[in-house]
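A.B. asks: With the sequence up front, the predicted model follows.
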Amino acid sequence: MRVTSKGQVTIPIAIRERCGLQPHSEVRFVEEDVRVFIEPQRGDNSRGEDAIQRLRQARLRTRLSTDQLLALTRGEQA
């Protein structure tokens, strides 16, 4: 296997299937001395799930109503 100039490698399909790695799977890299292991990221939220969680916890900082916000997104006069 060769590492590209961007630091990318292709994981052989047999290994991906055995490890349950699907497209867009989250993985983590574990270093042990001069070895590097790749393993599926399990139990923790993905970056997308973390972003959604932060958005759900964000405060609304406007006094506009939902109808006014929708009108703005449609280019209508509020």
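C.D. replies: Thanks, I have it. This structure is a prediction, so every number in the text was calculated from the model and none was measured. Numbering: from 1, shown residues only.
A.B. asks: Could you check how many residues crowd around residue 26?
C.D. replies: As a burial measure, residue 26 scores 14 neighbours (other C-beta atoms under 10 Å). C-beta: built from backbone N, CA, C; applies to glycine.
A.B. asks: Roughly how far does the residue nearest to it when sequence neighbours are not counted sit from residue 30?
C.D. replies: Leaving aside its sequence neighbours, residue 26 sits nearest to residue 41 (C-beta to C-beta, 6 or more residues apart in numbering; 3.8 Å). Counting by C-beta to C-beta, to the nearest Å, the gap from residue 41 to residue 30 is 11 Å.
A.B. asks: Following the chain onward from the helix or strand hosting residue 16, which element is next?
C.D. replies: Assigned by DSSP states H and E, residue 16 belongs to helix 13-19. Using DSSP H and E, the next helix or strand after helix 13-19 towards the C-terminus is strand 27-32.
A.B. asks: Could you list the low-pLDDT ranges of this structure?
C.D. replies: Along the chain, segments meeting pLDDT under 70 span 43-45, 77-78.
A.B. asks: just the strands in it please.
C.D. replies: Secondary structure of the chain (DSSP state E): strands at 27-32, 35-40.
A.B. asks: Could you save these as a markdown table and add columns showing mean neighbour count?
C.D. replies: As requested, the strands of the chain are exported to a markdown table (neighbours: other C-beta atoms under 10 Å):
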| stretch | mean neighbour count |
| --- | --- |
| strand 27-32 | 10 |
| strand 35-40 | 10 |
